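Q: build me a structure from this.
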Amino acid sequence: MTIRWMVFVSIFAVTVLIGCADNPVGETEGELSSVTFTANSDQQVALAPQQDAEDKPSARLLAFFPEHFPDGVEHSIPLNEIFHGGPAKDGIPALTNPKTLPADAADYLRDDDLVLGLAINGESRAYPLRIMNWHEIVNDTLGGRPILVTFCPLCGTGIAFDPIINGQSTEFGVSGMLHNNDLLMYDRGTDAPSLWQQVLGAAVVGPQTNTLLDLIPVTQAQWGEWKADHPTTSVLSTDTGFNRNYDLNPYAGYEKNPGLLFPLAGEEDTRLSRKTKVLGVRMGVVSKAYVLDALREKQVLNDDVAGVPIVLIASATSDSVRVYERKNFQFEGALDKLVETGTGNVWTISEEALSDPKTGDSLERVSNVFVSFWFAWFSFYPDTLFFQGTVNVHPEARLYTTWGELKQ
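A: All right, here's what the predicted structure looks like:
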């Protein structure tokens, strides 16, 4: 493997290797090999040149990605806030219609491996993070419909979308660019591609600017938990057509290190550590974040967002949380036994809905939900409401932790 470039930062001790394992690449191209975090620092490290203060792309972006920045290009984010992440366009290769395995044949997975799980029209599939870390985007078909499954390792965000744009199924790739450390995807099959912000599910640069993708419910769960709930599930094969070591986490240590690779636009909210995992819920223009540790402790939480009553049902041992509109129902219990308050009826939990076998009542799942690191959620939803375990709070209020300790 030819080393594309290497950056040593003494405070942060970051080593980034960009190689070319599959296809020879030129001086301006590369592929992700590994990013290793070994020190404890809260400093940001820019691996691309700092942009100019003006709202225009840097010379580096114009040199690497000229097709995305023609003169007068429409955009909804400042172009000077976009950074080159290191790899070239498609240097992190998206997967398209990947090979899959039945659950019992996926011997490369451990039960505690995290996966993104989807179930559509009676068909379920798991997308392991050990594969998503290397590819970030999967263009796939599940339950007879096209889907777009994405994961940004730097933001911890696993999100699935309906890739239908203007009535056409659209394939996406990894642009090689980032905004607020988040993946910028691009739409393929056009001479004028747009850049799409993964966390927003929206086009932010190019002719599709302000176009939104619909989200599809996804569950971030442990593999053992997912396959127990979905014994007929399929799962991605490691036979992807690319030479990657799926036993290696290219971002080892990143989640436990407070540092970021690229600058953030705007102020940070430091009431939580940057990489605290939260579950973000969006209802129209209102967003709300729930600390995962608090949800694990409560397991069942009746709440409302933007006046819409919801119930959040969390695993006590993993990142798995499902959210449903609850109408006028109240619930208690746990993931393995969800009980309607008052009647004592036990409801059935599925990936698409909650249902009461006795009455036939059914409650739809909320799709605009995903796990994120706190810094990423707040970067894109700075007006977010917040739930941390004991009280609901407005972002300007002082927060109490799950255990009642005052957090300034």
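Q: leaving out chain neighbours, which residue sits closest to the residue nearest the centre of the chain?
A: Against the mean C-alpha coordinate of the chain, by Cα atoms, centre = their mean, the closest residue is Thr157 at 1.7 Å. The shortest distance from Thr157 to any non-neighbouring residue, by Cβ to Cβ, 6 or more residues apart in numbering, is to Ser372 (4.8 Å). Where you see a C-beta, it was placed from the backbone N, CA and C, and this is true even at glycine.
Q: that neighbour is in contact with Phe151, isn't it?
A: No: using Cβ atoms under 8 Å, Ser372 is not in contact with Phe151; the gap is 11.2 Å.
Q: any idea which element the residue nearest to Ile349 when sequence neighbours are not counted lies in?
A: Of all residues not flanking Ile349 in the chain, Leu338 sits nearest, at 5.9 Å (Cβ to Cβ, 6+ apart). Assigned by DSSP states H and E, Leu338 falls within strand 337-340.
Q: give me the helices and strands touching that strand, please.
A: strand 331-334, strand 346-349 (3 or more Cβ pairs under 8 Å, 6 or more residues apart in numbering; DSSP states H and E).
Q: now those strands in TSV, with distance to Ser169?
A: TSV is the format used below for these (distance: least, Cβ to Cβ, whole Å):
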stretch	distance to Ser169
strand 331-334	37
strand 346-349	30
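Q: and for Ile310, the neighbour number?
A: When neighbours are counted by other Cβ atoms under 10 Å, Ile310 registers 21.
Q: make 49 the starting number, not 1.
A: Understood, numbering begins at 49; the last thing we discussed is Ile358.
Q: what about it, which helix or strand?
A: Element membership of Ile358 [criterion: DSSP H and E] is strand 356-362.
Q: ok so, going back, what sits against the residue nearest to Ile397?
A: Contacts were defined as Cβ atoms under 8 Å, 6 or more residues apart in numbering; by that measure Leu386 touches 348, 361, 379, 394-395, 397, 402.
Q: buried only: go through the residues you listed for me.
A: 348, 361, 379, 395, 397, 402 (16 or more other Cβ atoms under 10 Å).
Q: how far is stretch 397-409 from where the chain is centred?
A: The chain centroid and the centroid of stretch 397-409 are separated by 27 Å, computed with Cα atoms, centre = their mean, to the nearest Å.
Q: in it, what's buried?
A: For stretch 397-409, the buried set under the neighbour-count rule, 16+ other Cβ under 10 Å, comprises 397, 399, 401-402, 404.
Q: low-confidence ranges in the protein?
A: Scanning the chain for pLDDT under 70 picks out 49-101, 436-456.
Q: for stretch 209-221, measure first residue to last.
A: 14 Å (Cα to Cα, to the nearest Å).
Q: who's in contact with that stretch?
A: By Cβ under 8 Å, 6+ apart, stretch 209-221 touches 137-138, 141-142, 144, 185, 187, 193-196, 198, 233-237, 244, 249, 256, 259, 261-264.
Q: now do the buried residues in it.
A: Neighbour-count burial for stretch 209-221 flags 209-211, 213, 218-221 (criterion: 16+ other Cβ under 10 Å).
Q: does Arg193 touch Asn169 like I think?
A: Yes: between Arg193 and Asn169 there is a contact at 7.2 Å, judged by Cβ under 8 Å.
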